[in-house]
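A.B. asks: Pasted the sequence and its predicted model underneath.
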Number of protein chains: 2
Amino acid sequence: MKKDKKVALEKAGWRVGSVRDFLGLSKAEEALVELKLTLSRSLRERRARRRLSQHQLAKLLGSSQSRVAKMEAGDPTVTIDLLVRSLLAMGTTQRELAQAIAAKSR
Amino acid sequence: MKKDKKVALEKAGWRVGSVRDFLGLSKAEEALVELKLTLSRSLRERRARRRLSQHQLAKLLGSSQSRVAKMEAGDPTVTIDLLVRSLLAMGTTQRELAQAIAAKSR
DNA sequence: CGAATATATGTCAGAACAGACATATAGTCA
DNA sequence: TGACTATATGTCTGTTCTGACATATATTCG
């Protein structure tokens, strides 16, 4: 894992490799966090492309500005579910979603 | 989406074929259900490929046989988060995940 | 500077989900 | 048939997530 990424993860409050005693799980957790970051960035990009404020997007999603901020910040309390639902609600297709995930967004 | 709507949808048999908006699902909800089905299938395929029983996989994931069954059945109580975490725990890479999502089935 | 706007952060009650367990169903084989 | 194995389904309870709210921190503009 790259240093800046690890810093970003720690900043977001993640404790990598601490939970279960299953061998591959810490690696899986890492992958999960990466995926979340990918989706976070994708969400922010799409919002920016539409020139929506967090407040406007929140209204569109039936959520709140603070939660949108947390989605984009990769906050640990935000699930992939919420991120994906938000992306889909913005009109992202499954294929586009796949592309975003594949690209890992940089 | 409301849970009772999802339940009603399942009762109507949406798992077998194309998901349509005959119950008034929005495009985003439709896409979400499709995505979950895609991930469900992918999970089942990967488990089958490894010749693991649901019980074995459950133990590997730190979960239970019943939850694995629900994951594969696309049960409404199963989130995308759980599906993705399971796939990643099985060693699926982000790129492979993207491919699975892009393919939609198969 | 102060007002306006956008974004970030912390907290909390209620809602949704998780694993676990019991149990049902289905297939296999002796 | 009955024992065995795999999978499906229903439900419970503790845990986690969510939207909402308050509030802090930019940033812009007059």
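C.D. replies: Looks like it came in fine. Numbers count the residues shown, from 1 in each chain, chains lettered A, B, ... in the order given.

A.B. asks: From now on I want contacts and neighbour counts done on CA atoms only, so please keep to that.
C.D. replies: OK.

A.B. asks: How many residues are close by the closest residue to DNA strand D within chain A?
C.D. replies: Closest to DNA strand D within chain A is A:V78: 3.5 Å, counting by CA to the nearest atom of the strand. A:V78 has 17 neighbours, counted by other CA atoms under 10 Å in any protein chain shown.

A.B. asks: Who are the contact partners of it?
C.D. replies: The neighbours of A:V78, taking CA atoms under 8 Å, 6 or more residues apart in numbering or on different chains as the test, are A:K70, A:M71.

A.B. asks: tell me the phi and psi of it?
C.D. replies: The phi/psi pair for A:V78 (degrees, to the nearest 10) reads phi -100, psi 130.

A.B. asks: in terms of contact count, name the helices or strands touching the helix ranked longest in chain A.
C.D. replies: Using DSSP state H, we find that the single longest helix of chain A is helix A:25-50. For helix A:25-50, the contact count by 3 or more CA pairs under 8 Å, 6 or more residues apart in numbering or on different chains; DSSP states H and E identifies helix A:65-73, helix A:80-89, helix A:94-103, helix B:80-89 as packing neighbours.

A.B. asks: which residues touch A:E72?
C.D. replies: Residues in contact with A:E72 (CA under 8 Å, 6+ apart) are A:S40, A:R41, A:L43, A:R44.

A.B. asks: The first one is in contact with A:M71, isn't it?
C.D. replies: Yes - using CA atoms under 8 Å, A:S40 makes contact with A:M71 at a distance of 6.0 Å.

A.B. asks: so what's in contact with the two at the same time?
C.D. replies: Counting by CA under 8 Å, 6+ apart, the common neighbours of A:S40 and A:M71 are A:L83.

A.B. asks: most neighbours, which of the contacts of A:E72?
C.D. replies: Of these, with other CA under 10 Å as the count, A:S40 tops at 25 neighbours.

A.B. asks: Run the chain-centre distance for stretch A:74-87.
C.D. replies: Distance, stretch centre to chain centre, for stretch A:74-87: 6 Å (CA atoms, centre = their mean, to the nearest Å).

A.B. asks: ok, now stretch A:26-34?
C.D. replies: 13 Å.

A.B. asks: What of stretch A:30-39?
C.D. replies: With CA atoms, centre = their mean, you get 6 Å for stretch A:30-39.

A.B. asks: Same question for stretch A:81-88.
C.D. replies: Distance of stretch A:81-88 from its chain centroid, counting by CA atoms, centre = their mean, is 9 Å.

A.B. asks: avg pLDDT for that stretch?
C.D. replies: For stretch A:81-88, the mean per-residue pLDDT is 97.
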